[in-house]
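# make a model of this:
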Amino acid sequence: MEVLLFTSKPPLLSTKHSTSNSQPHISFTHSSSISPNRRRPPPLDPWKLHAKAKGFAGPPRPPGKPRPTAGRHDASESNYDDGEGDDQIPQAVFGRMIGRILAFVGVPMAAGIALLNVFGALKERELLDVPRWLPFLTTLLCFGASALGIAYGTLSSSWDPDKSGSVLGLDEAQRNWAEIWKEEDQT
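This next block holds a predicted model:
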């Protein structure tokens, strides 16, 4: 970029041998003239706005009028809490869901990372010649199970605030799966 902006001639090196000293005398001269075939652009005033951009603000609004919001209603006009919306998830159920999601996502992900490190160490120390497809397959399976752990962690938790459910949550997952499809058929 500097080459394009400054088109001055490079400093010239001249050597003069003096008769009194055996060392050459070096002097630098710098020419500040610009090449005649290149024209320098006119200087821009840095404090002047050159573009006539108005942005997304639109026309100025009167001082007392609030800004309109696209696609959103005011809280005063909203009938959000009219009882027809979705039910709230109890805090106990929400805590169980989060705990199960973290467990069913974290364990497969940690296993995938650990297996990658094990395969890398085996290959580096030349203890076992691990084929290239094996780390890819184990990573795919572990990270895929980790992704499915989000849905299974939600389905396998007990949706009843009074019951904690089993450790793996197989019964709860079957019950909740049927509950989801039953609600879907009713709508």
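
# give the buried residues for stretch 102-117.
Neighbour counts using 16 or more other C-beta atoms under 10 Å place F104, V105, P108, M109, A111, G112, L115 of stretch 102-117 among the buried residues. Every residue, glycine included, has its C-beta placed from N, CA and C.

# does the fifth one touch G144 like I think?
Meaning A111. No - checked against C-beta atoms under 8 Å, the pair A111 and G144 is beyond contact range at 11.9 Å.

# quick one: which of the buried residues of stretch 102-117 is nearest to K163?
F104 (18.9 Å; C-beta to C-beta).

# in which helix or strand would I find that closest one?
Assigned by DSSP states H and E, F104 falls within helix 91-124.

# likewise for A178?
Using DSSP H and E, the element containing A178 is helix 170-186.

# ditto for I150
helix 133-155.

# and the helix holding F104 with helix 170-186, angle?
120 degrees (axes from the mean of the first three to the mean of the last three C-alpha atoms, to 10 degrees).

# give me the helices and strands touching helix 91-124, please.
The contact analysis (3 or more C-beta pairs under 8 Å, 6 or more residues apart in numbering; DSSP states H and E) places helix 91-124 against helix 133-155.

# buried sites along the helix it packs on?
Neighbour counts over helix 133-155 (16+ other C-beta under 10 Å) mark P135, T138, C142, F143, A145, S146, G149, Y152, G153, T154, L155 as buried.

# tell me the secondary structure at K163.
coil (DSSP: H, G, I helix; E, B strand; the rest coil).

# tell me the angle of the helix holding A178 relative to helix 133-155?
Going by the same axes, to 10 degrees, helix 170-186 makes 70 degrees with helix 133-155.

# how about helix 170-186, which residues are buried there?
Going by neighbour count (16+ other C-beta under 10 Å), the buried part of helix 170-186 is E172, A173, R175, N176.

# give me the pLDDT for the second one.
Think A173. pLDDT recorded at A173 is 91.

# spit out the contact partners of W177.
W177 makes contact with L155, according to C-beta atoms under 8 Å, 6 or more residues apart in numbering.

# I'd like the distance between it and P161.
Distance, W177 to P161, by C-beta to C-beta, to the nearest Å: 20 Å.

# what do you get for G153?
From G153 across to P161, the span is 17 Å (C-beta to C-beta).

# low-confidence ranges, the protein, go.
1-38, 40-61, 65-86, 183-185, 187 (pLDDT under 70).

# give me the residues contacting stretch 92-104.
89, 146, 148-150, 152-154, 156-161, 164-165, 169.

# same for the helix holding I150, what does it pack against?
Contacting helix 133-155 under the criterion 3+ C-beta pairs under 8 Å, 6+ apart are the following elements: helix 91-124, helix 170-186.
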